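Trainee: I'll drop the sequence and a predicted model, then ask my questions.
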Amino acid sequence: MRSLPLLLILAIGVVLGAFATPRLQTLLAPAPTPVTVTPRGDLASDERATIELFEAAQGSVVSIATTVQRRSLFSRGVEVPRGSGSGFVWGDGGHVVTNAHVIAGATGATVRLPGGRALRARLVGVAPRHDLAVLQVDGIRRMRALPLGTSGDLQVGQKVFAIGNPFGLDFTLTTGIVSALDRELPGEGGMLIRGLIQTDAAINPGNSGGPLLDSAGRLIGVNTAIYSPSGASAGIGFAVPSDTVARVVPQLIERGRYAPPTLGITADARIDAMLRANGQGPGVMVLDVEGPAADAGLRPARITDGGIIPGDVIEAIDGARVETVEGLLAELDARTAGQEVTLTLRGPDGVREVTLPLAPGL
């Protein structure tokens, strides 16, 4: 029995030794070598420029969440989320510019400002042909608008910067270059959106409506679409050029819609297609005239029981070939009311040229 206490003490000693040994080894081990952190030094000049550009621009960019009202047998209507996008402040009147497709089909929209404040927005105007829309947001009149740049002198290879909210991740900056110019994409209802800037700056769902900036921090485009079978960025994005934005947005604010200048003619794409099928060549047949076209002596076609007696067919405007009504509208869209243009006309007595001023769109 005397050996029992001895065995107990020995067992306790073994247990304490087992716990104490690692601690003793730690205490007796030499101190670890400190980790050396290499000083960063100054940022590269291009890094500083990018940071400054983002800090200056992000306060003008907003996120947009849209809703649609759903009705049921048990409810008069409930707003459910529909989609999201981006936008940016325009001028000092409380306006936000975004894409038309961001708000298409929505019954409500909320704009979230830098800092997280959310405000209701109402639609002011929309231009589906250019995938542009303007919202009115009370409470943002003190927010700084982005400086507006020109897109007509862009060159392939220029650096560009896109700011937006891809996948709901607010105020994301991506960078790239201008990959190509004057691209076309199909828009709503099969209309072509022309003159787009192509960029390899990453543009993903949610970026739509956000600004594309040049290296001076100026707005040169509105990010509108990506080309990707998967729906995610594949290095091919598109933006509406700022020259188009500067032409369209003021009209949307003033009138709620955009109307390019007009020649004062009536045309029909179906008749033009029929003429081409009959081998009469490309161009836009003049079906009716008023205003500038009437004053300049353009001769419309006559429709009789026996068919169409051709009048003047517009073959070119300022030397640029015109083959379809869509092409004519694109040429007019790049011009302003009051500007004089020269039409090349093919008529019953041959080809002639006529100069006339453009009238404001109706």
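Mentor: Yep, that arrived.
Trainee: so, low pLDDT: which residues of the stretch 151-300 of the chain?
Mentor: 188-190, 226-235 (pLDDT under 70).
Trainee: which residue ranges form the helices in it?
Mentor: With helices called from DSSP state H, counting those that start in this stretch, the stretch 151-300 of the chain shows them at 242-255, 269-277, 291-295.
Trainee: so of the ones you listed, which one's packed in deepest?
Mentor: With neighbours taken as mean count of other Cβ atoms under 10 Å, those reach their highest mean count in helix 242-255, at a mean of 19. C-beta coordinates here come from the backbone N, C-alpha and C atoms, glycine included.
Trainee: which neighbouring elements make contact with it?
Mentor: On a contact count with 3 or more Cβ pairs under 8 Å, 6 or more residues apart in numbering; DSSP states H and E, helix 242-255 meets strand 95-98, strand 118-127, strand 132-136, strand 219-226.
Trainee: got TSV for the helices of the stretch 151-300 of the chain, with distance to residue 193 too?
Mentor: Listed next are the helices of the stretch 151-300 of the chain as TSV, based on distance: least, Cβ to Cβ, whole Å:
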stretch	distance to residue 193
helix 242-255	9
helix 269-277	18
helix 291-295	27
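Trainee: so which of these comes closest to residue 206?
Mentor: Proximity to residue 206 (Cβ to Cβ) singles out helix 242-255 among the helices of the stretch 151-300 of the chain, at 19.8 Å.
Trainee: so the closest one versus strand 219-226, what angle?
Mentor: Angular relation of helix 242-255 and strand 219-226 on a 0 to 180 degree scale: 90 degrees, by axes from the mean of the first three to the mean of the last three Cα atoms, to 10 degrees.
Trainee: what lies in contact with helix 242-255?
Mentor: For helix 242-255, contacts defined as Cβ atoms under 8 Å, 6 or more residues apart in numbering pick out 90-91, 93, 95, 97, 124-127, 130, 132-134, 148-152, 195, 218-222, 257-259, 333, 336.
Trainee: are any of the residues you listed buried, and if so which?
Mentor: By neighbour count, with 16 or more other Cβ atoms under 10 Å, those hold 90, 95, 97, 124-127, 130, 132-134, 149, 151, 195, 218-222, 258, 333 as buried.
Trainee: can you dump the C-alpha atoms of stretch 132-145 in PDB for me?
Mentor: The C-alpha coordinates for stretch 132-145 follow below in PDB (Å, rounded to 0.1, in the frame of the first residue of the first chain):
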ATOM      1  CA  LEU A 132     -29.100  56.600 -73.700                       C
ATOM      2  CA  ALA A 133     -31.500  57.700 -70.900                       C
ATOM      3  CA  VAL A 134     -31.600  60.600 -68.500                       C
ATOM      4  CA  LEU A 135     -33.000  60.400 -64.900                       C
ATOM      5  CA  GLN A 136     -34.000  63.200 -62.600                       C
ATOM      6  CA  VAL A 137     -32.800  62.800 -59.000                       C
ATOM      7  CA  ASP A 138     -33.700  65.400 -56.400                       C
ATOM      8  CA  GLY A 139     -30.900  65.900 -53.900                       C
ATOM      9  CA  ILE A 140     -27.800  65.600 -56.200                       C
ATOM     10  CA  ARG A 141     -27.600  69.200 -57.500                       C
ATOM     11  CA  ARG A 142     -24.400  69.800 -55.500                       C
ATOM     12  CA  MET A 143     -22.700  66.700 -56.900                       C
ATOM     13  CA  ARG A 144     -19.900  67.500 -59.300                       C
ATOM     14  CA  ALA A 145     -20.400  66.500 -63.000                       C
END
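Trainee: the chain should start at 108 in everything you say after this.
Mentor: Fine by me, first position is 108 from now on; the one you just mentioned is stretch 239-252.
Trainee: let's test this: mean pLDDT of the helix or strand containing residue 461, rounded?
Mentor: In this structure, residue 461 sits in strand 457-464 according to DSSP states H and E. Per-residue pLDDT over strand 457-464 has a mean of 92.
Trainee: and stretch 203-220, by the same measure?
Mentor: The model assigns stretch 203-220 a mean pLDDT of 90.
Trainee: any idea how far apart the tips of it sit?
Mentor: This stretch, stretch 203-220, spans 11 Å end to end (Cα to Cα, to the nearest Å).
Trainee: try stretch 421-432
Mentor: For stretch 421-432, the first-to-last residue distance is 10 Å (Cα to Cα).
Trainee: hmm, back to that, now the helices and strands packed on helix 349-362 in a markdown table, with distance to residue 461?
Mentor: Conversion of the helices and strands packed on helix 349-362 to a markdown table gives the following (distance: least, Cβ to Cβ, whole Å):
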| stretch | distance to residue 461 |
| --- | --- |
| strand 202-205 | 37 |
| strand 225-234 | 29 |
| strand 239-243 | 32 |
| strand 326-333 | 35 |
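Trainee: for residue 294, which of the ones you listed is the nearest?
Mentor: strand 326-333 (9.0 Å).
Trainee: just the angle between that closest one and strand 239-243, please?
Mentor: Using the same axes, to 10 degrees: strand 326-333 against strand 239-243 is 110 degrees.
Trainee: hey, C-alpha coordinates of strand 326-333 in CSV?
Mentor: This file holds the C-alpha atoms of strand 326-333, laid out as CSV (Å, rounded to 0.1, in the frame of the first residue of the first chain):
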residue,chain,number,x,y,z
LEU,A,326,-15.9,61.6,-70.2
ILE,A,327,-15.3,60.1,-73.6
GLY,A,328,-18.0,57.4,-73.6
VAL,A,329,-20.9,55.6,-71.8
ASN,A,330,-20.3,51.9,-71.3
THR,A,331,-23.1,50.1,-73.0
ALA,A,332,-22.5,46.4,-73.8
ILE,A,333,-20.1,43.5,-73.9
